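1. Sharing a sequence plus its predicted fold:
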Amino acid sequence: MTDTAAPSHWRRRAFLATLGTGWAAYGAIGVLSDPSYSRSRGLTAITAHVPMGVLGWVWVGCGALALVAAARPCWARLHDLGFAALAAPAALWGAAFTVAAVTTYRQAAGSACGWLAFALGVVWAAGMDDPPPEKREEHPWT
């Protein structure tokens, strides 16, 4: 029996749901409830303009947006918005840690690399296709 239903893009949706949950939890637990000095020290390029509490809610909101996007099976534009919501705070964090690493806080270099890699990974995952089953090539390991 052939399934003629529209593709659900479940891999992309699973990615959105997984990282969306992680982003929301990071914002709530890691930023809002524990704005540690070591984290905020590397983010002075941002926190000079935006308080950590607001940044924590940005993470929560972006994670929630990714979760909403994941809940919609065949709405590609919403999926794109969800991926943008995942990439934006990671890229912002990466940029801030990069500024800190090259100016006043060399120890921020590791965090800069990690957050920028995360942002790039999200962008690359956003561009990957999740073809419907009838278009997929079968491999012996799948």
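-> Ah, there it is.
2. in this structure, what secondary structure element scores lowest on mean pLDDT?
-> Ranked by mean pLDDT, DSSP states H and E, the weakest helix or strand in the chain is helix 37-42, scoring a mean of 78.
3. Who are the packing partners of the following helix or strand past that one?
-> As assigned by DSSP states H and E, the chain's next helix or strand after helix 37-42 is helix 44-47. If you count contacts as 3 or more Cβ pairs under 8 Å, 6 or more residues apart in numbering; DSSP states H and E, helix 44-47 packs onto helix 76-102. Quick note: C-beta positions are derived from backbone N, CA and C, even for glycine.
4. Quick one: mean pLDDT for the helix it packs on?
-> The average of the pLDDT scores along helix 76-102 is 96.
5. for that helix, which positions count as buried?
-> Within helix 76-102, the residues scored as buried using 16 or more other Cβ atoms under 10 Å are 78-79, 81-101.
6. Check stretch 51-67 too.
-> Buried residues in stretch 51-67 (16+ other Cβ under 10 Å): M52, L55, G56, V58, W59, V60, C62, G63, A64, L65, A66, L67.
7. Not counting sequence-adjacent ones, nearest residue to the most centrally placed residue in the chain?
-> Central residue of the chain (Cα atoms, centre = their mean): L86, 2.6 Å from the mean position. Leaving aside its sequence neighbours, L86 sits nearest to V122 (Cβ to Cβ, 6 or more residues apart in numbering; 4.6 Å).
8. Which pLDDT value belongs to the one you found?
-> 97.
9. Next: M1.
-> pLDDT, M1: 44.
10. what number of residues lie near R106?
-> If you count neighbours by other Cβ atoms under 10 Å, R106 ends up with 10.
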